[in-house]
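Undergrad: Provided below for reference: sequence and predicted model.
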Amino acid sequence: MASRAAELRKLLSSLGPSFVKIGQALSARPDLLPQVYLESLSELQDRLPSFPNEIAWAVVEEELGVPVGQVYEQLSEQPVAAASLGQVYKGVLRETGESVAVKVQRPGIGESIAVDMLLLRRLMAVVDNNLPQVSQPLVPLVDEFASRLFAELDYVAEGRNAEKFQALYGSMPRVRTPRIYWQATQRRVLTMEWIDGVKLTNKAAMEAAGLDIVDFVDVGIECTLRQLLEHGYFHADPHPGNLLATRDGTLVYLDFGMMSEAPEYARFAIMAHVVHLVNRDYEAMCRDYYTLQFMDPSIDTAPIAPALQAFFDDVLDASVSELNFKAIVDGLGNVLFQYPFRVPAYYALILRSMTVLEGLALQADSNYKLLGRAYPYIARRLLTDPAPELRASFEDLIIKNNQLRWNRLENLLREGSKSSDFDASQLWLLANWLLSPNAEGIRHKLAVELARMVDATAAAQARERIAASLRNPELANRLVPVQPSEEEARQRAALLVSTLRQRLAPDSSNGISTSSRVDAVVVQQPPGATSLPMQLPQGSGPFGTYTPADVQQLLFKVQASFGAAAPQLQQLAQQPGARQLLQDVGSQLAQRFAARVIKFAFAGSQPSASSATV
């Protein structure tokens, strides 16, 4: 099969630029070709010899309507780059003296592509009509590709694409696109700002300039994720030659002839798909394929789940940050090829974009893991994006078997804070959602976990007081027995309170810090104490244990303290969901403390081992 794949690559290369681009497009379609073909076609190079300057100047004059010398003070003697559709010269604008890049279209390329596409379309029609074994109609694929290819021939549209890209992503740190000079741009001539830089593929030049390839790839990943998952407008020709690194650390995007858009429903579905992958929920992953329009709803995806499980269970033995993106794409491609998938063009381009970036980084760092660099962005979106679809994914991620998974929530916060544009103040949006009617289910689970933390902390303090008072640790453990996972819950409570104290800013209006409001409820250990990281106020029961009245007083203190603190907390405390959360916590605590009292009384009525007589 490898030899046949190589023969196909050579054949497409010999047929000219249209078929080279077809091969490049097919290299990102795992639903159409086996993996060995994808790898072979990815080696196709979009290169042709340059055409003579005289012909290029004639095209410029025909398009701009004036002699070349009236527009450009000078142009390079030879093209600085040449490809199948055109070639680029370095020049200087006569009007402003600015250095520019002048892209001139290859004469006759439009007519050549039209003939190629017509012949290919007729051939694919024969295949569609006579080979039912093919999993999907091929004529629509040819039509889609032809429309993209013809769009690349309109340099005015390319200029508009560049400006739209700059408007959407130019505010990102270290991301830039060349300025378009419209006075010297027409359908077959594009004049844009010349930017000095080094192509990321030139490892020697990058090292000589003191530029780190991995650093620029990280910038590219963040920008690519924004393209794909925020605005959905993305660079659809992501080969490495279209990325330029400047000495000031800016990543420059070039060549906007081929752009694509991911619809909003697909952007949310991709995020949900990542969550389902992390959860190893293969049945949900199969349902995602309907949403992503990979499969017709009439097709049963149940048989696909075992195939996904067989592949991903091995891959996911590593943490998400350790996964190799290309390995996942290759493995998933094998699954896609075995079943009747129809991968939309935008999704194939997404996979190709990410794989290209990871490949660049791997040249400099063999241990580079793209998903590990991408996960902070995904975590930030799950934490801070108020879209209902992403809130549902957030809930899927942190809830399992009707229980809150604190480790997942803590990991989201830790990874999300690594994102370049993480803003901790956006977490108030998450808090608002947790107290909204839409989050009633997760709020109850949160109440259960909060009650467990308070109970664990109160129980540990009670044991310490009993042991100190009676000088009998064994009796203390009998009176207040240690529950499973109690230590974990107590440590998590201490961490939560510590985080609140650090995050909440001072209230400048009255000179009282918000953290002191927290201390009014949660009393910190005195300096030098090490046995307990934090303390609750003592209860009114024996040895400071809590009674139902103490529970109500504690909850009242919490509500009053938060209501008098930061403005955001005041607003949260006034929401009906906040009152419901406190009521649920109170109910849970009442049940737990009642059970503690019964155990306390029963254990107290039994003689201890040390006092028993024979």
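TA: On my side now, so go ahead.

Undergrad: Now do the contacts for residue 216.
TA: Going by C-beta atoms under 8 Å, 6 or more residues apart in numbering, residue 216 touches 200, 243, 245, 251. In short, each C-beta sits where N, CA and C put it, glycine included.

Undergrad: got a list of what the second one touches?
TA: By C-beta under 8 Å, 6+ apart, the contact list for residue 243 reads 199-200, 216, 220, 251-254, 360.

Undergrad: Same check on the third one?
TA: With contacts defined as C-beta under 8 Å, 6+ apart, the neighbours of residue 245 are 197-200, 206, 209, 211, 213, 216, 251-252.

Undergrad: go again using 10 Å as the cut-off
TA: By C-beta atoms under 10 Å, 6 or more residues apart in numbering, the contact set of residue 245 is 174, 197-200, 202, 205-206, 209, 211-213, 215-217, 219-220, 251-252.

Undergrad: is it in a bridge, and if so with what?
TA: Per DSSP bridges, residues listed as beta-bridge partners of residue 245: residue 198, residue 251.

Undergrad: Next one: the residue nearest to residue 125 when sequence neighbours are not counted from residue 236, what distance?
TA: Among residues not flanking residue 125 along the chain, residue 139 sits closest, at 5.5 Å (C-beta to C-beta, 6 or more residues apart in numbering). Noted for residue 139: a distance of 21 Å to residue 236, by C-beta to C-beta, to the nearest Å.

Undergrad: the more surrounded of those two?
TA: residue 236 (24 against 17; other C-beta atoms under 10 Å).

Undergrad: picking that back up, quick one, which of the contacts of residue 245 are buried?
TA: By neighbour count, with 16 or more other C-beta atoms under 10 Å, the contacts of residue 245 hold 174, 197-200, 202, 206, 211, 213, 216-217, 219-220, 251-252 as buried.

Undergrad: follow-up on the earlier one: and which of the contacts of residue 243 is nearest residue 419?
TA: Within the contacts of residue 243, proximity to residue 419 (C-beta to C-beta) peaks at residue 220, which comes in at 14.8 Å.

Undergrad: and whichever strand or helix holds that closest one, how far from the chain's centre?
TA: Here residue 220 sits within helix 213-226, counting by DSSP states H and E. Offset of helix 213-226 from its chain centre (C-alpha atoms, centre = their mean, to the nearest Å): 12 Å.

Undergrad: and the helix or strand just after it, what does it pack onto?
TA: Toward the C-terminus, helix 213-226 is succeeded by strand 233-235 as the next helix or strand (DSSP H and E). Identification of packing neighbours for strand 233-235 by 3 or more C-beta pairs under 10 Å, 6 or more residues apart in numbering; DSSP states H and E yields helix 155-169, helix 213-226, strand 259-261, helix 345-364.

Undergrad: Please work out the average pLDDT along strand 233-235.
TA: Here strand 233-235 scores 91 as its mean pLDDT.

Undergrad: Same check on stretch 576-596?
TA: Per-residue scores along stretch 576-596 average to 86.

Undergrad: related to what we said a few turns ago, tell me the angle of the helix holding residue 220 relative to helix 155-169?
TA: Following axes from the mean of the first three to the mean of the last three C-alpha atoms, to 10 degrees, one obtains 100 degrees for the angle between helix 213-226 and helix 155-169.
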